[in-house]
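Engineer: have a look at this prediction, sequence included:
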Amino acid sequence: MRRLSITTCFLLVFIGVTFVTTFWYAAWHGYSRVEQDRKLIRERDILFARTLAQSLSVHMRANAESIERLAGELADDPLTLESLIPRLENFAIHSRSFSIVSVADLDGNIYVVHDKLGETGATDINISDRDYFQEMLRTKDTVISNAITSRFTPIPTIGIETPIFGPDGSIRAYLLSGLNLDEIYRLAEGALGSEFAVPVVLDKTGQIILHPDEELVASHRLLKDFVPAQLALKGETGFLDAFIDVDGVERSAAYTSVEELGWAVWVAQDTIQFAVSRERATQEALGLGAIMGVSVLLVTLLVSRPLLQPIRMTANAARDIVEKKALYQVIPQDKGWVTKES
């Protein structure tokens, strides 16, 4: 019994240490996997946000150049209703980006407008108090407005406005346009690699330009107090592991800015992706620990007899020395261990 107890104790200690080490390694592996997944998610979402911001910048620059070309073509135009209506209609037909194109006089009175809903003709709208009109008066240059609402649609749109110069370099009128936000939605869909991502774009005042919830966009709600908006409007790029989104759902978000426009962009994802990552890593860790532990146990049982033979012989010799008060030598031989009375 005593010989069995020594062997059993050694096996129990060895197996215990093996299992502890194995599951410690498995736990470390699981933690490393979660951190790796977090890093990949951060890098992926930041890439989404930057791609969307770059796409918006290129899109707006191209549209501004398109409006400036049309303004150049109108330099020699008499700017009457009869001459402007076919020009604006032709421009709108060949452009998918603009939903509204109009011309205003020097006092800000829009006297001709064409929109893709079919309304063309004179209006009684005055825009002299609009920020973008005042900026055009001040800069005499092309202006990309903040989100604005016209009488044609409750959804805020982005305007691109530019002066129409005459041959002598003086300003004759102002060309105004409103972008079709469907184009921006398509840009967002193309920039994102996940159907679960929620793209959000704000103008430099913090008003929504783009969000999947059209009612939220139509509400003209300012989101500048949300954490990703605050950081993006400062021109920063980064990642938030968790924040409470507009709809009250906890999400993660990668945020950045469209530097040329001062806009804020963030791409939100449900934080469930982190929970899925942790669950998957835990399952992998437990599975790895179980496989390694059972494997080590089986190997130990298979090789324990020849490995424990020297230990058992040494323990027996020591016991005999103590009990019989005799002197023994434990002499190693080529084929095992033997004891010899001295």
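Structural biologist: Looks like it arrived, so ask away. Numbers count the residues shown, from 1 in each chain.
Engineer: which stretches in the stretch 101-250 of the chain count as helices?
Structural biologist: For the stretch 101-250 of the chain, the helices defined by DSSP state H, counting those that start in this stretch cover 131-139, 181-191, 214-218, 227-233.
Engineer: need the ones you listed in CSV (columns: mean neighbour count and distance to T162).
Structural biologist: Using the backbone N, CA and C atoms, a C-beta is placed for each residue, glycine as well. Formatted as CSV, those follow (neighbours: other Cβ atoms under 10 Å; distance: least, Cβ to Cβ, whole Å):
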stretch, mean neighbour count, distance to T162
helix 131-139, 16, 8
helix 181-191, 17, 19
helix 214-218, 14, 26
helix 227-233, 21, 25
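Engineer: now those in a markdown table, with distance to G16 and mean pLDDT?
Structural biologist: Output for the helices of the stretch 101-250 of the chain, formatted as a markdown table (distance: least, Cβ to Cβ, whole Å; pLDDT from 0 to 100):
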| stretch | distance to G16 | mean pLDDT |
| --- | --- | --- |
| helix 131-139 | 74 | 92 |
| helix 181-191 | 54 | 77 |
| helix 214-218 | 58 | 80 |
| helix 227-233 | 48 | 92 |
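Engineer: any idea how far G190 is from the closest residue to D107 other than its chain neighbours?
Structural biologist: Spatial nearest neighbour of D107, chain neighbours left out: S128 (6.2 Å); criterion: Cβ to Cβ, 6 or more residues apart in numbering. For S128, the distance to G190 (Cβ to Cβ, to the nearest Å) stands at 38 Å.
Engineer: same check on G72?
Structural biologist: Distance, G72 to G190, by Cβ to Cβ: 30 Å.
Engineer: the closest residue to P212 other than its chain neighbours - how many residues pack around it?
Structural biologist: Using Cβ to Cβ, 6+ apart and skipping residues adjacent in sequence, the residue nearest P212 is V198, 6.1 Å away. Applying other Cβ atoms under 10 Å, we find 21 other residues in the vicinity of V198.
Engineer: residues in contact with V198?
Structural biologist: By Cβ atoms under 8 Å, 6 or more residues apart in numbering, the contact set of V198 is 211-212, 245, 251, 267-269.
Engineer: can I get the buried ones among these as something I can paste into ChimeraX?
Structural biologist: Provided next is the ChimeraX selection string for whichever of these are buried by 16 or more other Cβ atoms under 10 Å:
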select :211,245,251,267,268,269
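Engineer: in strands only, show me the contacts of V198.
Structural biologist: Counting by DSSP state E, the contacts of V198 place 251, 267-269 in strands.
Engineer: can you put these in a markdown table and add distance to V258 and pLDDT?
Structural biologist: A markdown table is the format used below for the ones in strands among the contacts of V198 (distance: Cβ to Cβ, whole Å; pLDDT from 0 to 100):
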| residue | distance to V258 | pLDDT |
| --- | --- | --- |
| R251 | 21 | 83 |
| V267 | 13 | 87 |
| A268 | 17 | 86 |
| Q269 | 20 | 82 |
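Engineer: closest to F165 among those?
Structural biologist: Closest approach to F165 among the ones in strands among the contacts of V198 (Cβ to Cβ): V267, at 40.2 Å.
Engineer: identify the bridge partners of that closest one.
Structural biologist: On the basis of DSSP bridges, V267 is bridged to P199, A254.
Engineer: list the contacts of the residue lying closest to L56 once chain neighbours are set aside.
Structural biologist: Sequence neighbours aside, V258 is the residue nearest to L56 in space, at 5.2 Å (criterion: Cβ to Cβ, 6+ apart). Neighbouring residues of V258 by Cβ under 8 Å, 6+ apart: 53, 56-57, 60, 264-265.
Engineer: and V258, what are its bridge partners?
Structural biologist: Per DSSP bridges, the residues bridged to V258 are W263.
Engineer: and it, what's its pLDDT?
Structural biologist: With respect to pLDDT, V258 scores 93.
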